[in-house]
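Q: all I have is the shape, not the residue letters:
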Ligand SMILES: C[S@@+](CC[C@H](N)C(=O)[O-])C[C@H]1O[C@@H](n2cnc3c(N)ncnc32)[C@H](O)[C@@H]1O
């Protein structure tokens, strides 16, 4: 292919790369590791990127990556689906507010909470809004992480939420938002400042530990079964005994139980007391 050095030219480039060859080549050339993701979803997005960019399939993307470092961002973004909203699946957030959080707050004055795969912020900010309502003025540690720096910047700024993002925000909680550039809404500083945002790859970076609650929703569904199991074991270790994992609707019960979690109410799994 034009633009490839003979050294970099591999069978994958010459013959049109298969997905597996592409994943291996991407890791070797650019250190981007797609092995933990389900291939069906990711392959569709990556091939779509190649098509939109007028490139010759997966091989074309590899060639571009050699010439144009900004292609790296575009490729990494394929693994990141940013969809979110405040109080996503409201019924489960009600369970959180009426059952799980009061139980945790009775146990400990200041909670350690981690929103893993937080996208542009609605999830961790929903947690702050609930905590502010349930036990105002307590200083909890709320960590929110994502693999995508651009999403984290948006999350930190917290000034571009749409009406769609706020659909499930109860009228009483709307007071914490102020209009920013129309049609966007911003979160007031006292809510925004409660969350610490940090880049973290759940498939690669070691997690912090001692959490009372970990929220990891609509993230694992993009991972391969092996990567998902590894992640669940890490999350189990990162929880305090008696702590909870709050997952998305699509998570399989068996995977969670295999990793050591006990099922609680719908959407919530527990690390039993007495387990380290
Ligand atoms: C569909 S969003 C879910 C957002 C939020 N948890 C929710 O349920 O509304 C998935 C998020 O996972 C992030 N993500 C994907 N792979 C990741 C990884 N390996 N480590 C950390 N975050 C990842 C994406 O960047 C994206 O922001």
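A: Nice, thanks for sending it over. Because the structure is a prediction, the values reported are computed rather than measured.
Q: where does the prediction get shaky in the stretch 1-150 of the chain?
A: Applying pLDDT under 70 to the stretch 1-150 of the chain flags residues 1-16.
Q: so where do the strands sit in it?
A: For the stretch 1-150 of the chain, the strands defined by DSSP state E, counting those that start in this stretch cover 112-116, 141-146.
Q: can I get these in CSV with distance to the ligand?
A: Every C-beta, even on glycine, is put in place using the N, C-alpha and C of the backbone. Below are the strands of the stretch 1-150 of the chain laid out as CSV (distance: least, CB to the nearest ligand atom, whole Å):
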stretch, distance to the ligand
strand 112-116, 6
strand 141-146, 5
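Q: distance to residue 158 and mean neighbour count added to those strands, as CSV?
A: Shown next, in CSV, are the strands of the stretch 1-150 of the chain (distance: least, CB to CB, whole Å; neighbours: other CB atoms under 10 Å):
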stretch, distance to residue 158, mean neighbour count
strand 112-116, 14, 25
strand 141-146, 11, 22
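Q: residue 42 is nearest to which of these?
A: Smallest distance to residue 42 across the strands of the stretch 1-150 of the chain (CB to CB): 16.9 Å, for strand 141-146.
Q: nearest residue to the most centrally placed residue in the chain other than its sequence neighbours?
A: A centroid search over the chain (CA atoms, centre = their mean) returns residue 117, at 1.4 Å, as the residue closest to the centre. Using CB to CB, 6 or more residues apart in numbering and skipping the chain neighbours, the partner closest in space to residue 117 is residue 219 (3.3 Å).
Q: quick one on the thing from earlier: please name whichever of the strands of the stretch 1-150 of the chain is nearest to residue 243.
A: Of all the strands of the stretch 1-150 of the chain, strand 112-116 sits nearest to residue 243, with 8.7 Å by CB to CB.
Q: give me the contacts around the closest one.
A: 123-124, 127, 140-145, 195, 200, 202, 207-208, 210-216, 219, 235, 238, 240 (CB atoms under 8 Å, 6 or more residues apart in numbering).
Q: are any of the residues you listed buried, and which?
A: The neighbour count (16 or more other CB atoms under 10 Å) marks 123-124, 127, 140-145, 195, 200, 202, 207, 211-216, 219, 235, 238, 240 as buried among those.
Q: contacts only, for the residue nearest to residue 117.
A: 116, 117, 202, 248.
Q: what's the answer for residue 77, then?
A: 148, 150.
Q: if I look at it, how far off is residue 32?
A: Separation of residue 77 from residue 32 (CB to CB, to the nearest Å): 11 Å.
Q: can you check residue 126 too?
A: To residue 32, residue 126 is 31 Å away according to CB to CB.
Q: more neighbours: which of the two?
A: Between residue 126 and residue 32, counted using other CB atoms under 10 Å, residue 126 has the larger neighbour count: 24 against 16.
Q: that one contacts residue 92, doesn't it?
A: No - between residue 126 and residue 92 there is no contact under CB atoms under 8 Å: 10.9 Å.
Q: residue boundaries of the helices in the stretch 1-150 of the chain?
A: 11-15, 19-30, 39-52, 57-67, 71-78, 90-95, 101-107, 122-134, 149-157 (DSSP state H, counting those that start in this stretch).
Q: which of those helices is buried the deepest?
A: helix 122-134 (a mean of 22; mean count of other CB atoms under 10 Å).
Q: ok, that one near the ligand or not?
A: Yes - Helix 122-134 lies within reach of the ligand by CB under 6 Å from any ligand atom, at residue 123.
Q: how about the residues of the chain by the ligand?
A: Close to the ligand, as judged by CB under 6 Å from any ligand atom, the chain has residues 79-84, 88, 117-119, 123, 146-148, 151, 201-203, 217-219, 248.
Q: are any of these buried, and if so which?
A: Neighbour counting with 16+ other CB under 10 Å marks 79-81, 84, 88, 117-119, 123, 146-148, 151, 202-203, 217-219, 248 as buried within the residues of the chain next to the ligand.
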